[in-house]
Each structure stands twice: as structure tokens, then as C-alpha cells.
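[1] model this:
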Amino acid sequence: MPQLEVDGAALTYDDEGPRDGDGVPLVFIHGWTANRHRWDHQMTHFAEKRRVIRLDLRGHGESSGAGVRTVAELAADVLALLDHLKVERAVLVGHSMGGMIAQTIILDHPERVERLVLVDSIARMTYSRGRGLLMAASTLVPYKLFVATNIQRAFAPGHPRDEVRAYIKSSADTPREVVMTLYGAMRAFDVLDRVGEIRVPTLMIHGYHDIQLPLQQMLRMAKAYPDAEVRIIDAGHELPVEKPTELTTALDRFVTPTQA
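    Next up is the predicted model:
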């Protein structure tokens with residue numbers, strides 16, 4: 001797989017599909033402890049008719065690099081890749097932390113984004129006092145237990161256990177330093193007071209059973225967006241792998257140019 005060296009990290013990425021296909025490229029950005037293969041279903045579907053790009057964020061999947069302390073630093077990595085690939089404008093699709101990255105990019109560089117898709121993502125991390133205490137306490141347990149607890153609760157009840165175990169193992173392979181540093185970066189993330197500046201069509205897709213980033217927080221964010229469409233799906237936080245077909249269908253309807 002191709003890689004790009006950026007500030008001490010080697011970013012692994014995929015760049016597929018016809019360069020003269022329908023519309024601007026789609027850029028898929030995965031979430032915390034995940035990797036670019038969260039988007040396998042969407043890549044297979046969209047690469048038949050348009051250019052699609054995805055990457056492993058630094059320290060995740062097949063990319064190297066240490067953790068960073070702000071979401072803005074991850075956004076800079078994505079922009080560096082788009083510059084390298086000579087992509088001036090794109091549709092950004094971000095899951096969870098990837099949605100935070102996508103929002104950061106469009107707020108700082110609105111000219112680079114044609115449309116925005118946020119999957120199980122929010123603009124401000126907000127915890128109740130009880131949940132905040134629970135999350136803080138979870139950082140004190142052994143690393144593998146911390147990862148297992150967070151990934152287990154990311155899936156809706158009833159999701160096949162063997163699949164959940166596979167995702168727990170994959171997430172635990174992400175270096176502890178990367179995971180814990182980015183955990184802090186996400187907790188500090190807050191652009192809710194700025195999202196009214198985002199003027200492009202935006203699709204927000206959220207799992208009804210998402211307890212990682214609760215639905216109520218997404219709905220609060222949606223009110224602040226000037227042009228937001230909301231879609232709620234019967235799933236947990238891991239929509240790209242829990243309900244891949246439904247997610248792909250919703251994305252296709254949103255990003256495919258309509259015929260006059």
C-alpha cells in the first residue's frame with residue numbers, strides 16, 4: 001500500500017476509482033482506535049464510479065507515528081495527504097473522531113469541502129457528571145481492559161460476539177500512547193459554537209443505540225448547522241460495520257449528483 005511521510009509519521013492510504021468519475025473525490029476518515037478498513041463496504045461500492053480515498057490515521061492500522069494532542073493535528077495530516085494527491089476539493093466522510101477531523105478541516109479550509117458527512121460524530125464532547133466519573137475511572141484500569149470496555153459498549157446489543165471480539169483485538173493493537181493521547185484530544189474537542197459557519201450541505205447519520213456519543217448530543221449539534229439532514233439508523237456507535245449497507249445507501253443518495 002502507498003504511504004506518505006508527514007511530520008514523523010508514515011501514513012498508509014488507498015486511492016481508488018476513476019479520476020474522471022461522478023463528482024469530486026470522497027475522502028473517508030475513520031475513528032479512534034480504528035483503521036481505514038472500517039470503510040470496506042463503502043470503498044467497494046463507490047470506487048466503481050468515482051474516486052475514493054481513505055487513510056490510516058497516524059499510529060493506527062498500518063500507519064506509524066506517535067499520538068498527537070489535538071484533533072487539529074490529525075486534520076493537518078489529512079490535508080497533507082489531499083495536497084499530495086492533488087485533491088483540491090472533496091466530500092469528507094468522517095466517523096466518530098473522523099467526523100471531528102472533518103469538521104476541523106471545513107472550519108479552517110471551507111474551500112476544500114463540497115459536502116460533509118458525519119457518522120456517529122459530534123461537535124463537542126459533553127459528559128454528565130456520572131458518565132464523566134465513569135470514563136475517568138476507566139483510564140485507570142489495564143490498557144486492554146480499557147479498550148475492551150470501550151469497544152464492547154460501542155456496538156448495539158445483540159451484535160455478533162465474534163465480530164465484537166475481532167474489533168476489540170484490532171483496537172488493542174493500536175499503541176497505548178496513541179490511544180490515550182487521542183482520548184484526551186477528543187475530550188478537549190469543542191467547535192459547537194462555530195458550526196454555524198459551515199455552509200455546505202451536511203448529512204448526519206447516527207446510531208439510535210449509540211452510547212459513546214449519544215444521539216441527543218448529535219441532535220443538539222444538528223440544530224446549529226445551517227444546512228443539515230439527519231438520518232437515524234437502528235445501530236450503535238459502529239455504524240460503518242454494524243449496518244454497512246444502510247450507511248452506503250444513505251451516503252449514495254446524498255453524494256450522487258441528481259439528473260436534471
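[2] Helices along the stretch 151-260 of the chain, start to end?
    Remark: helices assigned in the stretch 151-260 of the chain by DSSP state H, counting those that start in this stretch are 161-172, 176-188, 215-224, 239-242, 244-255.
[3] The stretch 1-150 of the chain: helices as residue ranges?
    Using DSSP H, counting those that start in this stretch, helices in the stretch 1-150 of the chain cover 40-46, 71-84, 97-108, 129-138, 143-152.
[4] Please work out which of the ones you listed is packed deepest.
    Most buried of these, by mean neighbour count (mean count of other Cβ atoms under 10 Å): helix 97-108, with a mean of 25. Quick note: C-beta positions are derived from backbone N, CA and C, even for glycine.
[5] Mind giving me the packing neighbours of that helix?
    strand 26-29, helix 71-84, strand 90-95, strand 113-119, helix 176-188 (3 or more Cβ pairs under 8 Å, 6 or more residues apart in numbering; DSSP states H and E).
[6] of all these, which lies closest to Thr12?
    helix 71-84 (10.2 Å; Cβ to Cβ).
[7] how much does the closest one deviate in direction from helix 97-108?
    If you take axes from the mean of the first three to the mean of the last three Cα atoms, to 10 degrees, helix 71-84 sits at 80 degrees to helix 97-108.
[8] could I get helix 71-84 in PDB with only the CA atoms?
    Provided in PDB are the C-alpha atoms of helix 71-84 (Å, rounded to 0.1, in the frame of the first residue of the first chain):
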ATOM      1  CA  VAL A  71      -7.700  17.000  16.600                       C
ATOM      2  CA  ALA A  72      -6.300  19.800  14.500                       C
ATOM      3  CA  GLU A  73      -3.000  17.900  14.100                       C
ATOM      4  CA  LEU A  74      -4.800  15.000  12.600                       C
ATOM      5  CA  ALA A  75      -6.700  17.300  10.300                       C
ATOM      6  CA  ALA A  76      -3.300  18.600   9.100                       C
ATOM      7  CA  ASP A  77      -2.300  15.100   8.200                       C
ATOM      8  CA  VAL A  78      -5.400  14.600   6.100                       C
ATOM      9  CA  LEU A  79      -4.900  17.900   4.300                       C
ATOM     10  CA  ALA A  80      -1.300  16.900   3.700                       C
ATOM     11  CA  LEU A  81      -2.500  13.700   2.000                       C
ATOM     12  CA  LEU A  82      -5.000  15.600  -0.100                       C
ATOM     13  CA  ASP A  83      -2.300  18.100  -1.200                       C
ATOM     14  CA  HIS A  84       0.000  15.200  -2.100                       C
END
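[9] any residues touching that helix, and which ones?
    Contact with helix 71-84 is made by 4, 6-7, 9, 11, 13, 27, 29, 53, 55, 57-58, 68, 88, 90, 97, 100-101, 104-105, 108-109, 112, 182, 185-186, 189, as judged by Cβ atoms under 8 Å, 6 or more residues apart in numbering.
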